[in-house]
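Asker: Quick one: sequence plus predicted model below, questions after.
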Amino acid sequence: MNEDLDARLRKALRPVDPGEQFTQRVLTRVANEPKRSIPRVSKTTMRWASATLAASLVLGVLAGHEWQARRTQQGLQARRQLLEALRVTRDKLDIAYRAVNDKDGSSTEAGEHRGS
């Protein structure tokens, strides 16, 4: 099956000579087209274009740097918030653990008195 597909693709994509008539039509059309001149650009225009390009590049680099710094700050803030949440969770779990595993039973009694 792969060999058949390969053969069909080779046949479909092989180069084909378009013929002498096609070549003559293209050459006639090219010869009859009016020549276009390339407009000249003054030195002042080129200087302004170069200065504009340089300023754009500098602003682009600065904007990229600012964006990266902002992302870093956001990441650090998220890290601080996560660490604080983990600390609070640890403290609450520690309190719950001590309440459940209190050896002398005083925490259980205190909890029962609060509930009544």
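Answerer: Now that the structure is in, tell me what you want to look at.

Asker: Tell me the gap between the strand or helix carrying Asp6 and the middle of its chain.
Answerer: With elements taken from DSSP states H and E, the one containing Asp6 is helix 2-13. Offset of helix 2-13 from its chain centre (CA atoms, centre = their mean, to the nearest Å): 39 Å.

Asker: With stretch 70-78 instead?
Answerer: On CA atoms, centre = their mean, the centre of stretch 70-78 falls 18 Å from the chain's centre.

Asker: which residues of this protein fall in helices?
Answerer: Under the criterion DSSP state H, the chain contains helices at 2-13, 20-32, 43-100, 106-115.

Asker: now those helices as TSV including mean pLDDT and mean neighbour count?
Answerer: Heads up, the C-betas are built off the backbone N, CA and C, glycines and all. Compiled in TSV, the helices of the chain are given as follows (pLDDT from 0 to 100; neighbours: other CB atoms under 10 Å):
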stretch	mean pLDDT	mean neighbour count
helix 2-13	87	8
helix 20-32	90	9
helix 43-100	96	10
helix 106-115	50	10
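
Asker: re earlier: by contact count, what packs against the helix holding Asp6?
Answerer: On a contact count with 3 or more CB pairs under 8 Å, 6 or more residues apart in numbering; DSSP states H and E, helix 2-13 meets no helix or strand.
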